[in-house]
Structure formats: C-alpha cells, structure tokens
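> With the input below, show me the fold.
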Amino acid sequence: MGRIFYFALGLLVASCALAAVDEDKPHGRVCLSLFEPGPPEKEEPFQISAPDGAGKIVRAYVDASDKCSVLVAAITKDGKLANGWRPQLSEVPGEFEEILLPKAPVKWDWAAPSVPFDFYVLFLPPDSKEIAEAKKLVDAMQNPNADARVLALQTGKLKELIGRLAADKSANQGPASEPEVGGVFRGAAFPWRQYARAANFAPDRPGVVIVSSEGVEKK
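Residues are numbered from 1 along each chain as shown. Modelled structure (predicted):
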C-alpha cells in the first residue's frame, strides 16, 4: 500500500509541480520556517541542510483567502512520521489571517539530524466530509507516549487519507526553499509570505501543497 501511495503522489507531483494559483479564487498559503530562540531570536526559511541544534523548532505559517481547514503532516519516504512530528488539523479564519502551527504543546523539534521527508498541506473547504475523519485521526495521534505499533497503524491511515484527498487534485510542489532567496531574520517579524507556496481549493476539491525537505530541485 505504501509503494502505491508514493507512486500515485509521484505521478501527481510530476504532472502538477509548481501549479499556478488563481488569486481571484479561494486559495491557501503555507511557509515552513526554522525558529531559534534568543536572544536574539532567529528565523529563516526552512531547509533540510540547516544545522540542527537544541531549542531549534520548525514552524508552519498558514493563511487563506477564505475560511477553511488545513491538514498538515510530515512523512518520510518510507512512510513514517518525520522526526516523530505529530500531524495538525486546524481551522483557518480566512481574510488572510495567519495561524502558526503546530499549536502548543506540540513542537516540531530540529534538535537532531533528519532524513528527507515530504510535508503535506491540504486546504479543506468547510463542508468537506473528510474533516471529521481527519480530526478523529489527528486527535488520536497527539499522545507523545503512544505505543509505536499503534502510531504506525495511525500513520498508515493518515497516508491513505492524504492519498485519497490528493488524488487527481491540483498541487503545488517544490523544495522547502531556494537558498539564494534565503536569509536569517533576527529580532523582527519573519516575512513568511515572501517564501510561501499556495494552492486553490473549492467545494469539490481540496488545495494541495507538497513541500520537499530535500532543499534543491535536481536539474
């Protein structure tokens, strides 16, 4: 099942990479950052090549033109939760009011080296029938002390849900950031929208953004 999931998403990525976004229609935006507490505080666009360190965390900035829900999950190539990061499901207010994920007490630590992973972001319209299913699953996965076997089964179900939602839908896919436009921001608001990726969503389909942590697209 795992191979089928990634093969299907691979086809989706190949055919829809960096899809154009119609800003006149409902759409959501997301940006991954690496935050280091201070003083001074530091924040920059996330890259897999960024040095790990105690206290460093990965964060996801999200907003949308219209009210929706957002499902986010980081999954390795072999189908595990990247770094043990728990997935998140949250309402997005609309009118480009930003939210920051993960919500406390969850943290996505960048304290140790990581294997490459894909970060899936799905913008779900308010009446999506999958929201209830996603909420039940995501809520069950929040226990930091969950049995490894149970968590593996839950992750498998999450992959199936993402694959079902992403199949035959528009997607925006690319590396986590381009180093040449990167920068470290100290003691100031991180201008995440400069680095954000976006996807349109509609009542009959979610918006899908797939961010690869591999850093630089291969030529």
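> How far does the lengthiest helix in the chain sit from its chain's centre?
The longest helix of the chain (DSSP state H) is helix 148-166. Its chain's average C-alpha position is 15 Å from that of helix 148-166, according to C-alpha atoms, centre = their mean, to the nearest Å.
> in it, what counts as buried?
By neighbour count on 16 or more other C-beta atoms under 10 Å, the buried set for helix 148-166 is 151, 154, 155, 158, 159, 161, 162, 163, 165, 166. Where you see a C-beta, it was placed from the backbone N, CA and C, and this is true even at glycine.
> quick one: which of the residues you listed is nearest to residue 94?
residue 165 (20.1 Å; C-beta to C-beta).
> By mean pLDDT, point me to the weakest helix or strand of this structure.
Every helix and strand in the chain was compared by mean pLDDT, DSSP states H and E; the lowest is helix 2-16, with a mean of 36.
> Check the offset of the next helix or strand after it from the chain's centre.
Counting by DSSP states H and E, the element after helix 2-16 in chain order, helix or strand, is strand 27-36. Distance of strand 27-36 from its chain centroid, counting by C-alpha atoms, centre = their mean, is 8 Å.
> Quickly run through the sheet partners of whatever helix or strand comes next after strand 27-36, with directions.
Following strand 27-36 in sequence order, the next helix or strand is strand 42-45 (DSSP H and E). Sheet partners assigned to strand 42-45 using DSSP bridges are listed as strand 27-36 (antiparallel), strand 185-186 (antiparallel).
> how big is the angle separating whichever helix or strand comes after strand 42-45 from strand 27-36?
Scanning forward in sequence from strand 42-45 by DSSP H and E, the next helix or strand is strand 57-64. With axes from the mean of the first three to the mean of the last three C-alpha atoms, to 10 degrees applied, the angle from strand 57-64 to strand 27-36 works out at 160 degrees.
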